[in-house]
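Enquirer: give me the fold of what follows.
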Amino acid sequence: MAGYGVQHMVIRRLGVSTDLASSWRSRLLACAAVLGGLSGCADQKGPPFLVQVASSASGDICSADIKQLSTLSPKLVRLTVRQRSSATDKGAFLCDRVLKFPDQQPFLKLDGMQPGLDLWVEAFAPAATPDPKAGALNRIASGVLYNVARTATTGSTIRLLPSTSYSCAAGTMAQARAFHSATALPNGEVLVVGGAVAGVDPARVELDSFQLYATGLIEVYDPITSKMVAVTDSASTQRAFHQAVLINDTAPYQILVVGGVSNGTDPIVKLGTSDGEGTRFYPRQDVFTLFATKAVAAEILTYDPTTHSVTHTPMASIPTAALQAIAARAGNVVIAGGINFTTNPNAPIDATHAKDLVNSSPAGIGMLASDTAGGALALLSGNQAIIYGGGRLGVPGGGQLLSGIGTATPTAVGFAGGSKSVRFPTLSLISSTSATATLLTTGGFEVLADGSATQPLVSAGSAQLITVTGNTAAAAAAPIGSPTDCASATRYRAAGWEAASTLPGGRVVISGGSPSTLECGGNCESGQTGNLALTCALHQSAIFDNGTLTLGNPMGVARSGHVLTTLRDGTILVTGGLQSTTSVAKMVREIEIFNPRRVIPPWDMTKPSSGDADDPVSDELLAASFTRAPGEVAKRADGTAAAECKDL
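Expert: Residues are numbered from 1 along each chain as shown. Okay, the predicted model is just below:
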């Protein structure tokens, strides 16, 4: 194709012709590309869709560069078309097609279509060593363009993301930040609120004298363009170290924001720069001068996606406190823990608030088993929730299992887990039924005898598997690869302020960690005295899979205090973060996206009815008794194509 050669794949949306006698039958007419031009169809209309490959960060910097599809050397490209009735409708499978690259170039003619289409593209290459079960093809990249409007007049790009890797988004945040919130919305957007920043000037990145400020700036990530969009804010509220949760599923969206600290135009905390082990944040300029840092009251943000605007509603019924834990599911909102943060990091917890358990309906106040601040919280099936960590003093670790969520009399029972009390760990729900649940907790800071929590856990004790059975919970150490081999390049290391997100199939991704000002060196073990190497964790990315936590491909940008948010296509959005060395500390503006789909497809050729867990329509096809092997079209039980997008 002149002008494109083999560098791009162009998909031209011209219209759709549908035959919906059954939900699995439709005709998708395709016009063949003609070398030397786009003259394969007489009635071409609509813009082209360009398939390109997102690039990774280099030297902690994301650029606008993109790669050509040919750089991946794919052998086959599979196109999957799903039809939507609305922007929030999950949609239904229309058809698929496998193309030889670069010999075949599809031009789709799509007449009489519904309000929108989803276009999935997956690239496959021959496996160097074919897996006897998965077959001879590797899935090397995938991407999707959601809800393509029939009346669109401008072209769009489908950005393929290399498998099991971090790629740069097309844009960056308007303000570099860390310790913010990033809430996934039902329409696919992600609302980014507040956070700790380098200064009052939104353009500032490098910290002045290692001091952090709070911002109230709100922006939203648009998955269609892979860029941030400015949000009009009726009354900006500065806050950092807060948490947020979506409490409705129809627009305009309501997001409950709790906790966090602020100090007007003055610093909120300072990053410790001494040689002490695991130095972290302090709300003071020096030993004698405290910042006037205060906790911020809870509020509901109402976000209108049609106007990209936010309004604020105070929530006076929720006690004001910092460092709270929050979670929501099925109309119930649970808030637990907190500290007023008005004196210093080791101040006694506000015991009254620390024992409050707030539900949305009915409003119930219940005693926790013990005071807690800085714990991680997750809702389970039924009326249960769980808190891990948040201990106030240096006592054996563990958490609390809460029952009666949504009633006026919730209760809590403590359980043991880990040798150290911990604050600010990650907590990821792996599986949950009405009878049992399994969770993974990683990282965090050891709570010392004086109540301080500034030292990261030693890696060997940093990962715990929590099992809930009925009204009891227990925790046990989770394997982390090579706990005694500190020099192992495949070993996960806890360093504090990690981020985690659950992946399909009971997997968990954990990334980054450690705002230490000390340089990387030695054997990179966390919790080690002398020349700490906590900055070694800043790029790390570990995957918990099949019971073991091991390192995978690293992030391109070093981060701690960042946020991982699962997007509706199953990829993970990575926003914000803090980097630090002995001489400088700076906030992160770059945005990355992690594609968790595996290079070797989780597919068993001997059991095709089990499906491919990384196939975007696998569950839908299996429900219709169809199967689809990696790199192939969907097939019926008799081996014929189920709904193949045919040439004209």
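
Enquirer: the protein: helices as residue ranges?
Expert: Assigned by DSSP state H, the helices in the chain fall at 351-354, 618-623.

Enquirer: rank these by pLDDT, which is bottom?
Expert: Across those, helix 351-354 has the smallest mean pLDDT, namely a mean of 45.

Enquirer: where does the stretch 151-300 of the chain have low pLDDT?
Expert: Along the stretch 151-300 of the chain, segments meeting pLDDT under 70 span 151-155, 273-279.

Enquirer: could you chop this structure up by domain?
Expert: Domain assignment for the chain by automatic domain parsing gives 9-163+599-623, 167-448+455-595.

Enquirer: looking at those domains, which is buried most?
Expert: Highest mean neighbour count among the domains of the chain (mean count of other C-beta atoms under 10 Å): domain 167-448+455-595, with a mean of 20. Glycine gets a C-beta too; all of them are placed from N, C-alpha and C.

Enquirer: okay, how far is it across that domain, tip to tip?
Expert: 8 Å (C-alpha to C-alpha, to the nearest Å).

Enquirer: and it, how far from the chain's centre?
Expert: 12 Å (C-alpha atoms, centre = their mean, to the nearest Å).

Enquirer: please apply the same query to stretch 629-636.
Expert: 29 Å.

Enquirer: buried residues, that stretch. List them.
Expert: By 16 or more other C-beta atoms under 10 Å, the buried positions in stretch 629-636 come out as 629, 630, 631, 632, 633, 634, 635.

Enquirer: return the member of those nearest to residue 608.
Expert: Ranked by distance to residue 608 (C-beta to C-beta), the buried residues of stretch 629-636 are led by residue 629 at 6.7 Å.

Enquirer: so how far is residue 125 from that closest one?
Expert: 15 Å (C-beta to C-beta, to the nearest Å).

Enquirer: go on, residue 543?
Expert: Counting by C-beta to C-beta - residue 543 and residue 125 are separated by 22 Å.

Enquirer: hmm, back to that, export the buried residues of stretch 629-636 as CSV, with columns for distance to residue 468.
Expert: Converted to CSV, those look like this (distance: C-beta to C-beta, whole Å):
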residue, distance to residue 468
629, 37
630, 35
631, 40
632, 40
633, 42
634, 38
635, 40
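
Enquirer: want to throw the residues you listed into JSON lines with pLDDT and distance to residue 397?
Expert: Listed next are these as JSON lines, based on pLDDT from 0 to 100; distance: C-beta to C-beta, whole Å:
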{"residue": "629", "pLDDT": "95", "distance to residue 397": "45"}
{"residue": "630", "pLDDT": "96", "distance to residue 397": "42"}
{"residue": "631", "pLDDT": "96", "distance to residue 397": "46"}
{"residue": "632", "pLDDT": "95", "distance to residue 397": "49"}
{"residue": "633", "pLDDT": "95", "distance to residue 397": "51"}
{"residue": "634", "pLDDT": "95", "distance to residue 397": "48"}
{"residue": "635", "pLDDT": "94", "distance to residue 397": "51"}
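
Enquirer: what's the closest of these to residue 90?
Expert: residue 634 (17.3 Å).

Enquirer: give me phi/psi at that closest one?
Expert: Main-chain torsions, residue 634, degrees, to the nearest 10: phi -70, psi 140.

Enquirer: so that it lines up with my notes, have the first residue be 747 from now on.
Expert: All set: I'll call the first residue 747, so the last point we hit is now residue 1380.

Enquirer: test my guess that it contacts residue 1373.
Expert: Yes. Between residue 1380 and residue 1373 there is a contact under C-beta atoms under 8 Å: 7.1 Å.

Enquirer: mutual contacts of the two, please.
Expert: residue 1367 (C-beta atoms under 8 Å, 6 or more residues apart in numbering).

Enquirer: circling back to that earlier point, which of the buried residues of stretch 1375-1382 lies closest to residue 1081?
Expert: Closest to residue 1081, out of all of those and judged by C-beta to C-beta, is residue 1376, at 44.0 Å.

Enquirer: pLDDT at residue 892, what is it?
Expert: 84.

Enquirer: same thing with the one 4 residues further on?
Expert: Residue-level confidence at residue 896 comes out at 58, pLDDT.

Enquirer: now do residue 1155
Expert: Among the per-residue scores, residue 1155 holds a pLDDT of 73.

Enquirer: one more: the one 10 residues further on?
Expert: If you check residue 1165, the pLDDT there is 82.

Enquirer: who are the contact partners of the closest residue to it other than its chain neighbours?
Expert: In space, and not counting its chain neighbours, residue 1165 is closest to residue 1207: 5.9 Å by C-beta to C-beta, 6 or more residues apart in numbering. For residue 1207, the contact set (C-beta under 8 Å, 6+ apart) comprises 1164, 1165, 1166, 1223.

Enquirer: and residue 803, by the same measure?
Expert: 912, 914, 1301, 1302, 1303, 1336, 1338.

Enquirer: at 7 Å instead, please
Expert: By C-beta atoms under 7 Å, 6 or more residues apart in numbering, the residues touching residue 803 are 914, 1302, 1303, 1336, 1338.

Enquirer: my read: residue 1357 touches residue 1366, true?
Expert: No. Applying C-beta atoms under 7 Å as the test, residue 1357 and residue 1366 come out as separate, 9.8 Å apart.

Enquirer: quick check: residue 1194 vs residue 1223, distance?
Expert: Taking C-beta to C-beta, one finds residue 1194 at 21 Å from residue 1223.

Enquirer: please apply the same query to residue 1297.
Expert: 18 Å.

Enquirer: ok, residue 1237 touching residue 1294?
Expert: No. Contact criterion C-beta under 7 Å: residue 1237 and residue 1294 do not qualify, at 11.1 Å.

Enquirer: identify the residue nearest the geometric centre of this structure.
Expert: Per C-alpha atoms, centre = their mean, the C-alpha nearest to the average position across the chain is that of residue 1311, at 2.4 Å.

Enquirer: ok, that residue - contacts?
Expert: 928, 930, 936, 1318, 1319.

Enquirer: nearest to residue 808, of these?
Expert: residue 1319 (13.2 Å).

Enquirer: mind checking pLDDT for the closest one?
Expert: Looking at residue 1319, its pLDDT stands at 98.
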